[in-house]
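Enquirer: structure for this input, please:
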Amino acid sequence: MPIIKSRVHADELHAAKKALAAANGEADVLRQQVLEQRAQLDERAQQNARLAAELVQAETKLEEAHRQLTEMQAHTQVREEHHCEQMHRMAQNVRTLEDMVQASRRSEREGSSSMYHRGQNAGNGSTDDAGRARQRGKLSHSQTSAALQRPPAVPTRGDKAVREQHRSPPSPSPAASLPISAQVLYWQEQLLDFSQRAAEGFGEVQRQLRRCLPPSPAAAGCHAHAGQEPLAASASPGTDAHRWCRQLRRLHAHFDEVVQADSKLISFLLLVAQQQGQQLRTLQERWAEAQNTVREAEGVLDEANARVTRNAQESAVLRQECAVLTEAQTALQAQLTNRTREHQAAVTALHRLQEAHAQLTNAHTRQEEMWATRLAQAAELQQQASNYAQKLEAALLDKERLMSAAAASTEQQLRREVLEAAKKRVAVFLKQLNACAEQLQGSLASLSNSPPLSALAASTVAGGTVQKVSSTASPEPSPPGASSSAYSASLSPLPQSFGQSLLLPESSAAASM
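Expert: Numbering: from 1, shown residues only. Below you'll find the model as predicted:
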């Protein structure tokens, strides 16, 4: 019975060793899987952190792009306003130049037609360039780009691959335990050594007992054929019995030692089994916790995958927005280049206009100098004309004096002629009166029959009338002042008109001068 128990214990020890080895292997596999899971979780955490950083960078880049776009829009608006102001100023300058050219053309009248045509052609070209620049600016400002770029495909791993990669390891067997300590290995080696020695001793005792007993014929044949007789040359049965007694005592002592060792080993193995049971329970709890952590990790991985997909979608949207922004930036850059070219063309046109303006100003200064010289000449001519007019006025005064003298002489002649005519008329009237007197005398003579008083009265009356008529018919010459003044008053329009007729050619000549 003790031998069977020892063998059973040995088998149990071997089974326990195998179970411990299997448990250690499974624990190592579990540790490796847990480490791999932790590494994968760390990698996923790093990927999530990197994706979050990339998302933050993309957001910052998007904000920077929006800010740059707003700045570019504001800058382009300012440039457009500046260009519009420059165009307005250039148009005003062109208008002023055209007005100046027209004024100079009106003022020159001679010798400036070619300059005016050049200035007008330059002004028209500049106005046409300005109008074309404004039209191009309006067209480029009205154009908008609405093209959207196709979102790039983001490679994502499927849920099945993730499940296969992060699949939970198989559950451990109940025999799994922690690694075996050195003390357990030492006692196991001692137990095996004692069991081997006990088995060898018991086998030797069995062989010796078989030799001491009388052998049967079959056993003798078997021993003869086998040829295994190590103690065939024994001396005598007494010595063999004494020797066998010593060996039995020694074997009993060894067996007692083996039994004690077995009892110690069994107690130790019971303790180890209890400890291993506790360790197994802790391992099972840890395994459950590990499974829970794995499930949580799978949930976290699912969430991370969802976040990755969302981040991929957001990154695709951001790429689309970035593409739109880049297209808008290229369009704005093209507009800016066009505006710069137009601005350069406008600047060149402005330079040409400035050159033309400088030429016109030079021509205008030359014209002003020429007109100043002409004004000086005109002033000199006016001075000469004033001197000549003074001379003409003196001559006219002399002429008026001469004309007045001539008028006085003509008045005297007219007076003489009038006096002669009056004398002639008076003579005719006297003749008529004499005839009347003769007729009266004849009548008086016929009336001589009348008394003398009446005749005398009639003669006196007739003589008085004749004297009155003669006195009235022959007037005395009036004083020269009164007659000349009245006559001159009656005849004053004639010399004035005559003087005017005489003055007209000189005045027309002076006006023409």
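
Enquirer: residue contacts, Arg38?
Expert: By Cβ atoms under 8 Å, 6 or more residues apart in numbering, the contact set of Arg38 is empty. (Glycine included, C-beta is placed from N, CA and C.)

Enquirer: helix, strand or coil for it?
Expert: Each residue gets one of three states, and Arg38 gets helix by DSSP: H, G, I helix; E, B strand; the rest coil.

Enquirer: and the nearest residue to Leu332 once chain neighbours are set aside, how far from Thr330?
Expert: Among residues not flanking Leu332 along the chain, Met72 sits closest, at 5.3 Å (Cβ to Cβ, 6 or more residues apart in numbering). Met72 sits 11 Å away from Thr330, going by Cβ to Cβ, to the nearest Å.

Enquirer: so the two - more neighbours on which side?
Expert: A count of neighbours by other Cβ atoms under 10 Å puts Met72 above the other of Met72 and Thr330, at 17 against 11.

Enquirer: please identify which helix or strand holds the more buried one.
Expert: Element membership of Met72, judged by DSSP states H and E, is helix 2-108.

Enquirer: what mean pLDDT would you report for that helix?
Expert: Taken as a whole, helix 2-108 has an average pLDDT of 73.

Enquirer: the helix or strand harbouring Ala394 vs helix 2-108, what angle?
Expert: Per DSSP H and E, Ala394 falls inside helix 237-446. Compare the direction of helix 237-446 with that of helix 2-108 by axes from the mean of the first three to the mean of the last three Cα atoms, to 10 degrees and you get 10 degrees.

Enquirer: pLDDT averaged over helix 237-446 - what is it?
Expert: 78.

Enquirer: what is the neighbour count of Leu430?
Expert: The number of residues near Leu430, taken as other Cβ under 10 Å, comes to 16.

Enquirer: if you could redo that for Ala304, that was the one I meant.
Expert: Ala304, neighbours per other Cβ under 10 Å, totals 19.

Enquirer: that one touches Arg44, doesn't it?
Expert: Yes - between Ala304 and Arg44 there is a contact under Cβ atoms under 8 Å: 5.3 Å.

Enquirer: Leu360: neighbouring residues, count only.
Expert: If you count neighbours by other Cβ under 10 Å, Leu360 ends up with 22.

Enquirer: next: Ala331.
Expert: 15.

Enquirer: and the gap between it and Glu321?
Expert: Separation of Ala331 from Glu321 (Cβ to Cβ): 15 Å.

Enquirer: Leu283: neighbour count?
Expert: 21.

Enquirer: ditto for Asn48
Expert: By other Cβ under 10 Å, 16 other residues sit near Asn48.

Enquirer: try His254
Expert: Other residues within reach of His254 by the criterion other Cβ under 10 Å amount to 16.

Enquirer: so it is in contact with Gln196, correct?
Expert: No - using Cβ under 8 Å, His254 is not in contact with Gln196; the gap is 11.2 Å.

Enquirer: once you drop chain neighbours, what's closest to Arg307?
Expert: Asn48 (6.7 Å).

Enquirer: now do the same contact list for the one you found.
Expert: By Cβ under 8 Å, 6+ apart, Asn48 lies in contact with Ala304, Arg307, Val308.

Enquirer: and which of the residues you listed is nearest Glu438?
Expert: Proximity of the contacts of Asn48 to Glu438 (Cβ to Cβ) peaks at Arg307, which lies at 169.6 Å.

Enquirer: the closest one: neighbour count?
Expert: So Arg307, with other Cβ under 10 Å, has 17 neighbours.

Enquirer: same check, this time on the one 4 residues further on
Expert: Close neighbours of Asn311, defined as other Cβ under 10 Å, add up to 20.

Enquirer: same check, this time on the one 5 residues further on
Expert: The burial count assigned to Ala316 is 15, neighbours taken as other Cβ under 10 Å.

Enquirer: please apply the same query to the one 3 residues further on.
Expert: The burial metric for Arg319, expressed as a neighbour count using other Cβ under 10 Å, is 16.

Enquirer: which other helices and strands does the helix holding Ala394 contact?
Expert: If you count contacts as 3 or more Cβ pairs under 8 Å, 6 or more residues apart in numbering; DSSP states H and E, helix 237-446 packs onto helix 2-108, helix 113-142, helix 159-165, helix 182-212, helix 452-473, helix 480-491, helix 493-512.

Enquirer: and Glu85, how far from His343?
Expert: Per Cβ to Cβ, Glu85 is found 12 Å from His343.

Enquirer: neighbour count winner among those two?
Expert: Using other Cβ under 10 Å, the more surrounded residue of Glu85 and His343 is His343, with 19 against 10.
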